[in-house]
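A.B. asks: When you get a sec, could you give me coordinates for this:
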Amino acid sequence: MGVSALLAAAIAARQSTTQSWLLTWLAEGVFAIALGALAMKRKADSPQVPLLSAPARKFVLSFAPPLLVGALLTVVLYRAGLAGAIPGTWLLLYGTGIVTGGAFSVRIVPVMGLCFMLIGAVALFCPLAWGTAFLGAGFGGLHLVFGIIIARRYGG
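C.D. replies: Residues are numbered from 1 along each chain as shown. The predicted structure is shown next:
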């Protein structure tokens, strides 16, 4: 997911309108969700654990609400002409989902969520022109760094 986010950042940086910028990131979000679901399925299949085991259900039930709130707030912020608040909102809510969902995982996962929240808090107070860099650093950079740590320490 980190690599696709970095590619999306490169594409989004070249967009000439806020609408096309937003559509680029929304497409990346849909792709990342599909990629994450596929990765979870593959990981569940390897030890023959049901995809919706109790820990997986707890993660989804903790992770999904912040993402749904982020989707709703995206519409509200865009309609209100406050697109500059979208990157920070996304990063904060995604981080919140990682922290809450990560409560049922290894210790490093909630730490990753807190890092997303920190970047999101800073992004809230910066112009939209910086949004692509913050989203790339968060969804791209943090996923890559923490993905490598998690893969090395915990096997993925």
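
A.B. asks: State the number of residues packed around residue 36.
C.D. replies: 13 (other Cβ atoms under 10 Å). Every residue, glycine included, has its C-beta placed from N, CA and C.

A.B. asks: I misspoke; the intended subject was residue 73.
C.D. replies: 17.

A.B. asks: Leaving aside the residues adjacent along the chain, what's closest to it?
C.D. replies: Nearest residue to residue 73, sequence neighbours excluded (Cβ to Cβ, 6 or more residues apart in numbering): residue 89, at 5.4 Å.

A.B. asks: Just want to check the distance between the one you found and residue 134.
C.D. replies: As defined by Cβ to Cβ, to the nearest Å, residue 89 lies at a distance of 11 Å from residue 134.

A.B. asks: ranges for the helices of the protein?
C.D. replies: 2-12, 18-45, 54-79, 86-102, 108-124, 131-135, 143-154 (DSSP state H).

A.B. asks: quick one, the last one and helix 86-102 angle?
C.D. replies: Comparing the axes of helix 143-154 and helix 86-102 via axes from the mean of the first three to the mean of the last three Cα atoms, to 10 degrees yields an angle of 10 degrees.
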